[in-house]
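Engineer: Quick one: sequence and predicted model below, then my questions.
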Amino acid sequence: MKPPPRKLHIKSYGCQMNVYDAQRMVDTLAPQGFVETANADDADLVILNTCHIREKASEKVYSELGRLRLAKEEAARAGRTMRIAVAGCVAQAEGTEIINRAPVVDVVVGPQSYHHLPQLLARAEADGRAIETEFPAEDKFGFLAQPKAASIRARGISAFVTVQEGCDKFCTFCVVPYTRGSEVSRPVAAIVDEVKRLADHGVREITLIGQNVNAYLGDGPDGRSWPLGKLIHRLAEIPGVTRLRYSTSHPRDVEDSLITAHRDVPALMPFVHLPVQSGSDRILAAMNRKHTAEDYRRVADRFRTVRQDLAFSSDFIVGFPGETEEDFSATLALVTQIGYAAAYSFKYSPRPGTPAAEMRETVSAAEMDERLERLQGLIDSQQSAFNKAAIGTTVDVLFERPARNPGQVVGRTAYLQPAHVMASADIIGQVLPVRIDSLERYSLIGELASGAEMRAQHALSI
Ligand code: 5AD
Ligand code: SF4
């Protein structure tokens, strides 16, 4: 018998893997009668899919729980039961603390236990509360439900696929090795099946994700371990897959198969997120990054040798304990040498349980603010120069959805820049050349290059 319909609201914070995990949770709860709703207030189950990477990220969870307490009380007054679950990395790191600090929470579930969500909910319904933050031995991916055709289509033409999870690098500032556990790679066949399913239902762009994605080493169908580059070669053969990306890479794990994939696989986009965190060797050593600034420059050169049009984005931390003005200048120098198309920069935030949290030589808040501003100023100027350079050129755009402006369709370039054109929505799902005329903030504005419209027509008629 079909279970009665219930409303599920998931709010995700943080990284792309949380976005992917949220979709798998929706798919896993669908057979229990759960249907997604955009509104938390009328949901029967609200899941906060949390992030623990920086202090602000985890604080947000507690303030959201404060709001949800009121919504839960309101639901109870109306005779409904609203259950609240906390998932993600805060759940993993602070399981019992959440239960004590926020009695409103019914279920706490760590990232490795999402396939147990139906049982955990049943337990919460019977016993009041349920918590699971173990690292179970079985492969959760084998148990998590895959989406139905309709929900793949509803989610659009670009999708994330987790290929690897966890991290063995233990950067001294980072909680990920504790919250996501050690590195695990999914088998090639499971990934190929998932990507085929997505492509069959209209997905055209796949981003392979993992905390340390280029440490991927999965069981191949030939009985060997396949590195990421070899996996990418295989996925590019799947009909319908027009673009491939991967994130996030560690500079230490860039092996040759990945470089040759950039040379040989046209579907692999020439845009690489390669976090460096700092340009100072002293700070890189204190961070336990296991590479120097020079190592990083060499890795960047290896990519650029095989694809001159390759661009990088990165992550930076300012104000790591002990960072001097000289260290920070080395970071600015590295940014100038590499030249980024985009980058994220963060103020260092001590995370409980990590080695850096014990380091005493802290940088003052005022210095951190000032360095962040200077770094972001430099990155912004590189990003806008990169975007401006597109004006007057013709670039390939994968069209994703109707834009907010009526009559416009929006897509993305190889470098993930949004690009808008006036065109019919029929072009969604296609890669077409666009002549870029102007730039509005971060968006490129252009028109379909001559011939592109005809190609679009032709594609429709076959
Ligand atoms: N403080 C500040 N930034 C951090 N990151 C990870 N841990 C911390 C921390 N403790 C940043 C890194 C990483 C990105 C995902 O978040 O730059 O690459
Ligand atoms: Fe964290 Fe370092 Fe692993 Fe990245 S490589 S997830 S920063 S420990």
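Structural biologist: Perfect, I can see it now. Small disclaimer: the values here were computed from a predicted structure and weren't measured. Ligands and ions are numbered 1, 2, ... in the order given.
Engineer: On the three-state scheme, residue 81 is what?
Structural biologist: Per DSSP: H, G, I helix; E, B strand; the rest coil, the local secondary structure of residue 81 is coil.
Engineer: Enumerate every residue touching it.
Structural biologist: With contacts defined as Cβ atoms under 8 Å, 6 or more residues apart in numbering, residue 81 is in contact with 44, 75. From N, CA and C alone the C-beta is placed, and that goes for glycine too.
Engineer: quick one: it and residue 91, what's the gap?
Structural biologist: Taking Cβ to Cβ, to the nearest Å as the criterion, residue 81 is separated from residue 91 by 21 Å.
Engineer: same question, residue 154
Structural biologist: Distance check for residue 154 against residue 91: by Cβ to Cβ, it reads 27 Å.
Engineer: Looking at those two now, which is surrounded by more residues?
Structural biologist: Ranked by neighbour count (other Cβ atoms under 10 Å), residue 154 and residue 91 place residue 91 first, with 28 against 11.
Engineer: Could you pull out the buried residues of the helix or strand hosting the more buried one?
Structural biologist: According to DSSP states H and E, residue 91 maps onto helix 88-101. Residues 88, 89, 90, 91, 92, 93, 94, 95, 98, 99 are the ones in helix 88-101 that count as buried (16 or more other Cβ atoms under 10 Å).
Engineer: Just give the closest residue to the third one, not the sequence neighbours.
Structural biologist: Of all residues not flanking residue 90 in the chain, residue 50 sits nearest, at 3.7 Å (Cβ to Cβ, 6 or more residues apart in numbering).
Engineer: if we can go back for a sec, would you format the buried residues of helix 88-101 as a markdown table with distance to ligand 2 included?
Structural biologist: Converted to a markdown table, the buried residues of helix 88-101 look like this (distance: Cβ to the nearest ligand atom, whole Å):
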| residue | distance to ligand 2 |
| --- | --- |
| 88 | 15 |
| 89 | 11 |
| 90 | 16 |
| 91 | 18 |
| 92 | 14 |
| 93 | 13 |
| 94 | 18 |
| 95 | 20 |
| 98 | 22 |
| 99 | 26 |
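Engineer: Return the member of those nearest to ligand 1.
Structural biologist: Sorting these by how near they are to ligand 1, with Cβ to the nearest ligand atom, puts residue 89 at the top with 11.0 Å.
Engineer: Now that we're looking at the closest one, what pLDDT does it have?
Structural biologist: Residue 89 is assigned 93 on the pLDDT scale.
Engineer: same deal with the one 4 residues further on?
Structural biologist: Model confidence at residue 93, expressed as pLDDT, equals 90.
Engineer: Same check on residue 451?
Structural biologist: Predicted confidence (pLDDT) for residue 451: 65.
Engineer: now swap in residue 240 and tell me
Structural biologist: Reported pLDDT at residue 240 in the predicted model: 96.
Engineer: quick one, helices of the stretch 101-250 of the chain?
Structural biologist: In the stretch 101-250 of the chain, the segments counted as helices under DSSP state H, counting those that start in this stretch are 117-127, 149-154, 176-179, 188-200, 228-236.
Engineer: right, and the ones you listed - which one's nearest ligand 1?
Structural biologist: Closest to ligand 1 of these, according to Cβ to the nearest ligand atom: helix 176-179, at 7.5 Å.
Engineer: does any part of the closest one sit near ligand 2?
Structural biologist: Yes: taking Cβ under 6 Å from any ligand atom as the criterion, helix 176-179 and ligand 2 are in contact, through 176, 177.
Engineer: what sits up against that helix?
Structural biologist: The set of residues external to helix 176-179 that reach it, using Cβ under 8 Å, 6+ apart, is 52-53, 89, 92-93, 110-111, 166-170, 211, 353-354.
Engineer: Select only the buried ones of those in ChimeraX?
Structural biologist: Remark: buried members of these, expressed as a ChimeraX selection using 16+ other Cβ under 10 Å:
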select :52,53,89,92,93,110,111,166,167,169,211,354
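Engineer: Quick one: mean pLDDT for stretch 223-237?
Structural biologist: On average, the pLDDT along stretch 223-237 is 98.
Engineer: Now that stretch - C-alpha only, CSV.
Structural biologist: Output in CSV follows, covering the C-alpha atoms of stretch 223-237 (Å, rounded to 0.1, in the frame of the first residue of the first chain):
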residue,chain,number,x,y,z
GLY,A,223,39.8,-5.3,-12.2
ARG,A,224,42.3,-2.4,-12.0
SER,A,225,42.1,0.8,-10.0
TRP,A,226,41.2,3.8,-12.3
PRO,A,227,42.4,7.3,-11.6
LEU,A,228,40.2,10.3,-12.3
GLY,A,229,41.6,11.0,-15.8
LYS,A,230,40.7,7.5,-16.9
LEU,A,231,37.2,7.8,-15.4
ILE,A,232,36.7,11.1,-17.3
HIS,A,233,37.7,9.4,-20.6
ARG,A,234,35.1,6.7,-20.0
LEU,A,235,32.3,9.2,-19.0
ALA,A,236,33.0,11.3,-22.1
GLU,A,237,31.9,8.3,-24.3
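Engineer: Quick check: which ranges of this structure have low pLDDT?
Structural biologist: Low-confidence segments of the chain (pLDDT under 70): 1, 137, 451-462.
Engineer: Run through the residues of it sitting next to ligand 1.
Structural biologist: 53, 54, 173, 174, 275, 277, 315, 317, 346, 348, 349, 351.
Engineer: Going through these, which ones are buried?
Structural biologist: For those, a neighbour count by 16+ other Cβ under 10 Å gives the buried set as 53, 54, 173, 174, 275, 277, 317, 346, 348, 349, 351.
Engineer: Secondary structure added to those residues, as a markdown table?
Structural biologist: Output for these, formatted as a markdown table (three-state DSSP):
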| residue | secondary structure |
| --- | --- |
| 53 | coil |
| 54 | coil |
| 173 | coil |
| 174 | coil |
| 275 | coil |
| 277 | strand |
| 317 | strand |
| 346 | strand |
| 348 | coil |
| 349 | coil |
| 351 | coil |
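Engineer: Starting from the host helix or strand of residue 7, tell me the next helix or strand along the chain.
Structural biologist: Using DSSP H and E, residue 7 falls within strand 6-12. Taking DSSP H and E as the definition, the helix or strand that follows strand 6-12 towards the C-terminus is helix 16-29.
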